[in-house]
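> No sequence on hand, only this structure:
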């Protein structure tokens, strides 16, 4: 049985908790022990799972425990990445969570500590970086790439050969069209359709997408 501790809290943390429960129901040998969270006290609960300590307390937990990091925050990923990397958690201690109802092609590369939710499709040749989240119903097209610390929202779609770089965010129902690059820390708002490659740290809304920030 692989014991898992989630680093974070409500939001993506509860999504991860449900995936672990669904993986276990499907026969995977995984178990959620609880959360590490800086906003709550030891003994508090997040739904039914206990808070085991602060985020920095990961070092004091048993070496056989795996961690999944749930600290994505749209518009704040630059700071969140610095926080995550300051923890110095070895990649060998990070576990990726893949929902049993996801459809992942045989040659897809999934990085360490990433989360792939139910009814996600990852087409042949696609690559998922480390600590990247793909929410329910999203599609990653053939040969598309998601970098580290990225977020692909519910029902969003990356078309073939498109690329989402470090820390970028693709909102619910947004589309990045073929061979287009969403640069580092850029944001595609909900429902946006990105027809051209974007500069770093830019925000895009609408269809066709226009720059909002």
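That came through, no problem. The structure presented is a predicted model; accordingly, all values stated were derived computationally and were not measured. Numbering: from 1, shown residues only.
> Return the residues in contact with residue 22.
Contact analysis of residue 22 by Cβ atoms under 8 Å, 6 or more residues apart in numbering lists 99-101, 118. The C-beta positions use only the backbone N, C-alpha and C, and glycine is treated the same way.
> hmm, I was thinking of residue 199
183, 186.
> going forward, begin numbering at 83 instead of 1
Got it, first residue is 83 now, which makes that one residue 281.
> And it, how close does it get to residue 263?
Applying Cβ to Cβ, to the nearest Å, the value for residue 281 to residue 263 is 10 Å.
> residues in contact with the spatially most central residue of the chain?
The residue lying closest to the centre of the chain (Cα atoms, centre = their mean) is residue 215, at 1.6 Å. For residue 215, the contacting residues are 94, 154, 196-197, 199, 232-234, by Cβ under 8 Å, 6+ apart.
> Provide the partner residues of it in its beta bridges.
Under the criterion DSSP bridges, residue 215 forms beta bridges with residue 197, residue 233.
> count of residues packed around residue 125?
Residues near residue 125, counting by other Cβ atoms under 10 Å, number 8.
> I meant to write residue 97 there.
Other residues near residue 97 come to 18 when the count uses other Cβ under 10 Å.
> Which of the contacts of residue 104 ranks first by neighbour count?
residue 181 (21 neighbours).
> Now that one: closest residue in space that isn't a chain neighbour?
residue 200 (4.3 Å; Cβ to Cβ, 6 or more residues apart in numbering).
> so where does that neighbour fall, helix or strand?
Using DSSP states H and E, residue 200 sits within no helix or strand.
> Now do it against residue 86, distance only.
Distance, residue 200 to residue 86, by Cβ to Cβ: 18 Å.
> re the thing from before, between all of the contacts of residue 215, which two are separated the most?
With Cβ to Cβ as the measure, no two of the contacts of residue 215 lie farther apart than 199 and 232, at 13.9 Å.
> Please say which of these two ends up with more neighbours.
The residue with more neighbours, out of residue 199 and residue 232, is residue 232; 29 against 24, by other Cβ under 10 Å.
> tell me which residues in the one helix or strand residue 95 maps to are buried?
If you go by DSSP H and E, residue 95 is part of helix 94-107. Buried residues in helix 94-107, counted by 16 or more other Cβ atoms under 10 Å: 94-102, 104-105.
> how about those in CSV, adding pLDDT and distance to residue 139?
What follows is these, written out as CSV (pLDDT from 0 to 100; distance: Cβ to Cβ, whole Å):
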residue, pLDDT, distance to residue 139
94, 94, 20
95, 97, 16
96, 97, 20
97, 97, 23
98, 98, 18
99, 98, 19
100, 98, 24
101, 98, 23
102, 98, 20
104, 98, 27
105, 98, 25
